[in-house]
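Asker: take a look and give me a structure for this.
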Amino acid sequence: MRSNRGKQDNSMDFYEVLSRYYDGIFPVGEEDMAFLTRLVRGCGPILDLGCGTGNKTEFFALDAAGDNRSVTAIDSDKAMIEQARNAHARSNIRYETMDMQDIDLRLKPASFDAVLCLGNTLVHLTAQDEIRALLGKVHALLTERGRLLIQILNYDRILTREQYSLPLLESHEALFTRRYIWKEGEMRFVTSLQVKESGQTFSNDIPLVPLRKAELDAQLELAGFRSRTYYGSFSGEAYSDDSFVSIVCCEP
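Answerer: Next up is the predicted model:
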């Protein structure tokens, strides 16, 4: 699911465990997906970067007319991809284990009408230059009419308000806690998954790039995305510094 790994307090891989409970912890809102799918209406082949278990991916597998369209969905975590194939398989979705930084090595240029990078995936890269490089690779994969759809948390809001704890997420099987540690210009993302039945707790600690809107916009401009429209919610509200999320739809 992500491009980096962190410290864990259990010998079992954190993301392998998380994949089993992911859909319950991160349920997909149909209204949210209705907004996101409208942003890629009319697009043909789609690439989904950091697809996780594929619980969002399958919403993009049908176009507005209800016809199947080709979707390639990648994630760096093998367990997430296995769960995606088991739980969210469709004949027109190809799930592949792949680091998103390798897309230029494994995918053909100008082969996608849309590229998705949802679920705060982009900031799991480790540095601004990695983000810049990835956006350039995405630009090369898009057709002339292509578009890029990114969704991350609003780090302007998080850093300005110093709101380093995120809401507790709970399913009937697990509890998931998330918090940021901001120290000396570095942000770390510390998470903990507690399995209710066994009482086991699995923890993870990884670096994140707290990407502000101005930084993201500059990176997109450098990558060649001339048209960029920002939203601050899944209902399509305009972005503001107080928005909880940052969603941007870009075109070359």
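Asker: and Asn120, that one's in a helix?
Answerer: No - Asn120: not assigned to a helix; according to DSSP: H, G, I helix; E, B strand; the rest coil it is coil.
Asker: quick one: the longest helix seen in the chain to chain centroid distance?
Answerer: The longest helix of the chain (DSSP state H) is helix 128-141. Remark: helix 128-141 is offset 15 Å from the chain centroid, using C-alpha atoms, centre = their mean, to the nearest Å.
Asker: can you list contacts of that helix?
Answerer: 47, 49, 100-101, 103-104, 107-112, 115, 117, 122-123, 125, 148, 209, 211, 215, 219-220, 222-225, 252 (C-beta atoms under 8 Å, 6 or more residues apart in numbering). Backbone N, C-alpha and C define where each C-beta goes, glycine included.
Asker: make a PyMOL selection of the buried ones in those residues.
Answerer: Of those, the buried ones can be selected in PyMOL as follows, counting by 16 or more other C-beta atoms under 10 Å:
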select buried, resi 47+49+100+101+103+107+111+112+115+117+122+123+125+148+209+211+219+220+223+225+252
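Asker: so which of the contacts of helix 128-141 are in helices?
Answerer: Short answer: those in helices (DSSP H) are Ile103, Asp104, Glu215, Gln219, Leu220, Leu222, Ala223.
Asker: state the number of residues packed around the closest residue to the second one other than its chain neighbours.
Answerer: Okay, so that is Asp104. In space, and not counting its chain neighbours, Asp104 is closest to Lys137: 4.3 Å by C-beta to C-beta, 6 or more residues apart in numbering. Residues near Lys137, counting by other C-beta atoms under 10 Å, number 19.
Asker: what does the model give Lys137 for pLDDT?
Answerer: Reading off the confidence values, Lys137 has pLDDT 98.
Asker: again with the one 5 residues further on
Answerer: What the model reports for Leu142 is a pLDDT of 98.
Asker: now do it against Ser111, distance only.
Answerer: Distance, Leu142 to Ser111, by C-beta to C-beta, to the nearest Å: 9 Å.
Asker: mind listing what's buried in the longest helix of the chain?
Answerer: For helix 128-141, burial by neighbour count (16+ other C-beta under 10 Å) applies to Glu130, Ile131, Arg132, Ala133, Leu134, Leu135, Lys137, Val138, His139, Ala140, Leu141.
Asker: what about Leu148, distance to Gly52?
Answerer: Using C-beta to C-beta, Leu148 is found at 18 Å from Gly52.
Asker: low pLDDT regions in the stretch 1-150 of the chain?
Answerer: Within the stretch 1-150 of the chain, the ranges that satisfy pLDDT under 70 run 1-12, 64-66.
Asker: can you pull out the strands in it?
Answerer: Counting by DSSP state E, counting those that start in this stretch, the stretch 1-150 of the chain has strands at residues 46-49, 71-75, 93-97, 112-117, 142-153.
Asker: helices or strands up against the third one?
Answerer: Contact partners of strand 93-97 among helices and strands, from 3 or more C-beta pairs under 8 Å, 6 or more residues apart in numbering; DSSP states H and E: strand 71-75, helix 78-87.
Asker: quick revisit: of the strands of the stretch 1-150 of the chain, which approaches Ser198 most closely?
Answerer: Checking the strands of the stretch 1-150 of the chain against Ser198 by C-beta to C-beta gives strand 71-75 as the closest, at 25.4 Å.
Asker: packing partners of that closest one?
Answerer: Applying 3+ C-beta pairs under 8 Å, 6+ apart, one finds that strand 71-75 contacts strand 46-49, helix 78-87, strand 93-97.
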